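>>> sequence-free structure coming up:
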């Protein structure tokens, strides 16, 4: 049985990086909860979407009386519970998975416009893909809005496990690169196992929400990459109950 879930905001995210780094696999893992080991090479751009919770909500916490004062307070009304700090919000991520081949670069660059967030992906087992992230970031910042939220993603962390460790890029140097280049943070993921995938997308969504709360976007301007609830008619989707997981994320591609 499915239940309705509405979104409060919709944000455009792009996945960029060299070909073969697993951008499509990350999108499929997030949207459909599965891994396809034989995904076709992306030509141009592919799409997906996912609704995620944003904004931390404090849980109600009842006040307690001092047991020694129980007799004195007898007959008085119960102390009120503290209300949550804010209502839980939901953001629909419109995911644009771009091709990584040089042949399609002129086409994929056009999709950078109007993006509010980006996952800059490299393969931790192929050092050249890490060396190219600087070029991808420069291209993104030349075209996208100045305040675009970027997370560096080291994919295929499963290849760094066990005796056959194929890691060619350390976590420390990736984190240092992120700091030097003004990137929000570095997250390691495995589209195969699902490890870190929701964290990577969630970090981007949470920062975009913080920017919304700070008034950094014009929600009526499509160039901002973020829209409010009045931008597209009804904001209801059907959410499969079985797609929910322990982190409270739910949904699939729409």
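Received, thanks. Everything numeric in this text was worked out from a predicted model, so none of it was measured.
>>> the helices in the chain, which residues?
23-32, 105-109, 127-131, 133-143, 171-180, 197-213 (DSSP state H).
>>> looking at those helices, which is buried most?
Comparing the helices of the chain by mean neighbour count (mean count of other C-beta atoms under 10 Å), helix 23-32 comes out on top with a mean of 24. Quick note: C-beta positions are derived from backbone N, CA and C, even for glycine.
>>> That one packs against which elements?
Counting contacts by 3 or more C-beta pairs under 8 Å, 6 or more residues apart in numbering; DSSP states H and E, helix 23-32 is packed against strand 9-16, strand 45-54, strand 89-98, strand 117-123, strand 149-155, helix 197-213.
>>> Let me have those in a markdown table, adding mean pLDDT and distance to residue 133 as columns.
Below are the helices and strands packed on helix 23-32 laid out as a markdown table (pLDDT from 0 to 100; distance: least, C-beta to C-beta, whole Å):
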| stretch | mean pLDDT | distance to residue 133 |
| --- | --- | --- |
| strand 9-16 | 94 | 9 |
| strand 45-54 | 87 | 19 |
| strand 89-98 | 91 | 14 |
| strand 117-123 | 97 | 5 |
| strand 149-155 | 98 | 7 |
| helix 197-213 | 96 | 14 |
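>>> what's the closest of the ones you listed to residue 141?
strand 149-155 (8.5 Å; C-beta to C-beta).
>>> by how many degrees do that closest one and helix 23-32 diverge?
Computed by axes from the mean of the first three to the mean of the last three C-alpha atoms, to 10 degrees, the angle separating strand 149-155 from helix 23-32 equals 110 degrees.
>>> how about residue 18, phi and psi?
When read as degrees, to the nearest 10, the backbone of residue 18 gives phi -60, psi 160.
>>> Which pLDDT value goes with it?
At residue 18, the model reports a pLDDT of 92.
>>> Let's have the helices and strands packed on helix 23-32 in CSV, adding distance to residue 176.
Formatted as CSV, those follow (distance: least, C-beta to C-beta, whole Å):
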stretch, distance to residue 176
strand 9-16, 20
strand 45-54, 28
strand 89-98, 26
strand 117-123, 14
strand 149-155, 11
helix 197-213, 18
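>>> before we move on, back to that, for residue 155, which of the helices of the chain is the nearest?
Across the helices of the chain, closest to residue 155 is helix 23-32 (C-beta to C-beta), at 6.4 Å.
>>> Show me the contact partners of the closest one.
Helix 23-32 has contacts (C-beta atoms under 8 Å, 6 or more residues apart in numbering) with 15-17, 34-36, 39, 42, 46, 48-50, 95, 97-98, 100, 119, 121, 153, 155, 189, 191-192, 194, 197-198, 200-201, 252-253.
>>> Only the buried subset of those residues, as a ChimeraX command please.
The following ChimeraX line selects those of the contacts of helix 23-32 that are buried, judged by 16 or more other C-beta atoms under 10 Å:
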select :15,16,17,35,42,46,48,49,50,95,97,98,100,119,121,153,155,189,191,192,194,197,198,200,201,252
